[in-house]
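> Quick one: sequence and predicted model below, then my questions.
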Amino acid sequence: MHTRPVCFALLIAALVLSSTARADVPWLPAGLPPAPANGPALCPGAFISPAQGAAILDAALTQFSDRAAWDTYAAHLRSRIQSAAGLTPWPRRTPLNPIIRDRRTHDGYTVENVALESAPGLFVTGNLYRPTNLAGKHPVVLTTHGHARAVATPADYDTHARFAPHVQTRCAQLARMGAIVFAIDMFAYGEGIQLYGQDAHRDPRAITIHLWNGIRALDFLLGLEGADTTRVGVTGESGGGTQTFLLTALDPRVTVSAPVVMVSAHFFGGCLCESGRPIHRGADYFASNAMIAALAAPRPQLLVSDGKDWTLNTPRIEFPFLQKIYGYYGAADHTANVHLPDEGHDYGPSKRAAVYRFFATQLGLNLAAATDASGQIDESHATIERAAALRVFTADFPVPPHALHDAGAIERALVKLQQL
Ligand SMILES: [Zn+2]
């Protein structure tokens, strides 16, 4: 007499187990960690294994097997990422009120210290590197940096954030090659420490701030005299790589991108500024960082990867996936991978060299200005400045009194711009 109810209960239990074991998005492979029952479906850090990451890419290619299917899903993903970042609708664009100070002339390029307001009181701090000869039209490049150790002493700023020599070097070199280059600080890094304090960075709203600041930084760059709006590059390493592919995914003005040591099928970024909001997963979408990078297609994109971090499988997992997506557009040759198996997680000389060569080809830059007589990359013409020289806000030129000083105030300012 009790057989049927027991069987029924077992069936229900099996269905429940099956549904929790299966992924929430139907096309995903079974066995992924389930989305949490409550709260945002975050995918922090190493949320899945490399094998699971590869299986998801395979499933995506099966599910979205031609250009039309991918285009539909890509538009859906863009919409979900924008919404998850808290930027739907896009905030109204307000005057940037750029501050451009202290022009220095070096070998083939100039450097200026810049601040602009991406929203009223929300200051983006950075440095503008321009070719000495500004005649004619120039490609623009936005560069973002990765995470760095906390600043403990004033001297630490000299190797920190946008002040770091490797950031200065790539900016100088690209400007010598003919690009107008803007290097910006992460939220609560660099000069942002003065504005917000270092602890403010670890906040999920950093995703929102980075994305909006990147969009407004492009507004600034593209409004400069001599800027060529048809040649727009973005590059950055690690957390700056995350900023690079998110901005490229959502801003169609970006024509060429080079995310460095970050695009992975299984690693989602270990900081709240990369995975603190549900940009990767919701009830009707899933996107690993490799899939977000694919939203650049068919615009040219270089993946720089290495053998000692989460990009170690790029030549056999992430890059072939991108080639297939780009192939939907007849543009498989628009994506490239430079893999450095003996190197680690940085934006060092050989990684910079790869980007110089890629940007030279794709943005029409003068590679000869970056190479010596034998054709080798030569960075010796870059002048490395101290952080104190690169700051826009100083004792004599202090932070404006209406500057915002915490993520909550920034969020309220952006929400206000969404309501107008
Ligand atoms: Zn971060």
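Nice, I can see it.
> Flag every buried residue along stretch 375-390.
377, 379, 382, 385, 387, 390 (16 or more other CB atoms under 10 Å). C-beta here means a position set from N, CA and C on the backbone, and glycine is covered the same way.
> same check, this time on stretch 319-339
319, 321-328, 334-339.
> One more: stretch 145-156?
Neighbour-count burial for stretch 145-156 [16+ other CB under 10 Å]: 145, 146, 147, 148, 151.
> Against residue 240, how distant is the second one?
Look at residue 146 and residue 240: by CB to CB, to the nearest Å, they are 5 Å apart.
> can you confirm residue 88 is in a strand?
No - membership of residue 88 in a strand is not supported by DSSP: H, G, I helix; E, B strand; the rest coil, which gives coil.
> Quick check: nearest residue in space to it, chain neighbours excluded?
Among residues not flanking residue 88 along the chain, residue 82 sits closest, at 5.1 Å (CB to CB, 6 or more residues apart in numbering).
> I'd like to know which elements the one helix or strand the one you found maps to is packed against.
Here residue 82 sits within helix 67-84, counting by DSSP states H and E. When contacts are defined as 3 or more CB pairs under 8 Å, 6 or more residues apart in numbering; DSSP states H and E, helix 67-84 packs onto helix 239-250, strand 285-286, helix 289-294, helix 318-328.
> list the helices and strands the second one packs on?
Contacts of strand 285-286 with other secondary structure elements, assessed using 3+ CB pairs under 8 Å, 6+ apart, are made with helix 67-84.
> mean confidence score for the helix it packs on?
The average pLDDT for helix 67-84 rounds to 98.
> Please apply the same query to stretch 164-174.
98.
> now swap in stretch 132-150 and tell me
96.
> List every C-alpha atom in it, with coordinates, as PDB.
Presented in PDB, the C-alpha positions along stretch 132-150 are these (Å, rounded to 0.1, in the frame of the first residue of the first chain):
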ATOM      1  CA  THR A 132      55.300  65.200 -29.600                       C
ATOM      2  CA  ASN A 133      54.100  65.700 -33.100                       C
ATOM      3  CA  LEU A 134      50.300  66.100 -32.800                       C
ATOM      4  CA  ALA A 135      49.600  67.000 -36.400                       C
ATOM      5  CA  GLY A 136      46.900  64.900 -38.100                       C
ATOM      6  CA  LYS A 137      44.700  62.200 -36.600                       C
ATOM      7  CA  HIS A 138      45.900  59.800 -33.900                       C
ATOM      8  CA  PRO A 139      44.600  56.500 -32.500                       C
ATOM      9  CA  VAL A 140      43.700  56.600 -28.800                       C
ATOM     10  CA  VAL A 141      44.500  54.000 -26.200                       C
ATOM     11  CA  LEU A 142      43.000  53.700 -22.700                       C
ATOM     12  CA  THR A 143      45.100  51.700 -20.300                       C
ATOM     13  CA  THR A 144      44.000  50.200 -17.000                       C
ATOM     14  CA  HIS A 145      46.300  48.700 -14.400                       C
ATOM     15  CA  GLY A 146      46.200  45.600 -12.100                       C
ATOM     16  CA  HIS A 147      46.000  45.200  -8.400                       C
ATOM     17  CA  ALA A 148      49.100  46.100  -6.300                       C
ATOM     18  CA  ARG A 149      50.300  45.800  -2.800                       C
ATOM     19  CA  ALA A 150      48.900  48.300  -0.300                       C
END
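> gap between the residue positioned nearest the centre of the chain and the ion?
Centroid-nearest residue in the chain, with CA atoms, centre = their mean: residue 243, separated by 1.7 Å. Separation of residue 243 from the ion (CB to the ion, to the nearest Å): 9 Å.
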